[in-house]
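> Give me coordinates for this.
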Amino acid sequence: MIRALALSLLFLTSACTGGSYGLSDGDASYDEIRKASDDCKAKGGEIRLKSGGDNRELSDYECKIPKGS
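Predicted coordinates:
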């Protein structure tokens with residue numbers, strides 16, 4: 001019962017995010033941001049700095065993909 005509930009919550013959580021994901025660790029150089037942005041756009045998303053994030057850290061960015069994309 002608990003396992004079924006946990007799986008249901010996991011499914012609902014992933015459905016709510018719309019497929020958005022955070023970027024990997026590293027320096028947020030122009031080339032890295034450009035590559036991540038191109039990959040994100042190909043999936044229907046847009047690169048954004050996380051709230052309170054450091055613009056020099058790649059992991060502080062996310063690919064925000066709207067629901068239904």
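
> Now do stretch 24-34: distance from first to last residue.
End-to-end distance of stretch 24-34 (CA to CA, to the nearest Å): 14 Å.

> Next: stretch 44-51.
Its start and end residues considered, stretch 44-51 measures 21 Å (CA to CA).

> and if you look at stretch 47-67?
15 Å.

> Dead centre of the protein: give me the residue that sits there.
Residue closest to the average C-alpha location in the chain (CA atoms, centre = their mean): residue 21, at 1.8 Å.

> For that one, give the beta-bridge partners.
As for beta bridges, residue 21 partners with residue 63 under DSSP bridges.

> so where's the chain shaky on pLDDT?
The chain contains residues with pLDDT under 70 at 1-18, 69.

> And the strands in it?
For the chain, applying DSSP state E gives strands covering 21-22, 46-49, 61-64.

> what would these look like in CSV with distance to residue 36?
(C-beta placed from N, C-alpha, C; glycine too.) Listed next are the strands of the chain as CSV, based on distance: least, CB to CB, whole Å:
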stretch, distance to residue 36
strand 21-22, 10
strand 46-49, 6
strand 61-64, 7
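
> Relative to residue 40, which of these is closest?
Across these, residue 40 has its closest neighbour in strand 61-64 (3.7 Å, CB to CB).

> how about the closest one as CSV, C-alpha atoms only?
Extracted in CSV, the C-alpha atoms of strand 61-64 (Å, rounded to 0.1, in the frame of the first residue of the first chain):
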residue,chain,number,x,y,z
TYR,A,61,20.3,27.1,-14.0
GLU,A,62,17.4,25.0,-15.1
CYS,A,63,15.7,24.0,-18.3
LYS,A,64,12.1,25.1,-17.8
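
> who does the closest residue to residue 55 other than its chain neighbours bridge with?
Counting by CB to CB, 6 or more residues apart in numbering, the nearest residue to residue 55 once its immediate chain neighbours are dropped is residue 49, at 5.8 Å. In this entry, residue 49 is beta-bridged to residue 61, by DSSP bridges.
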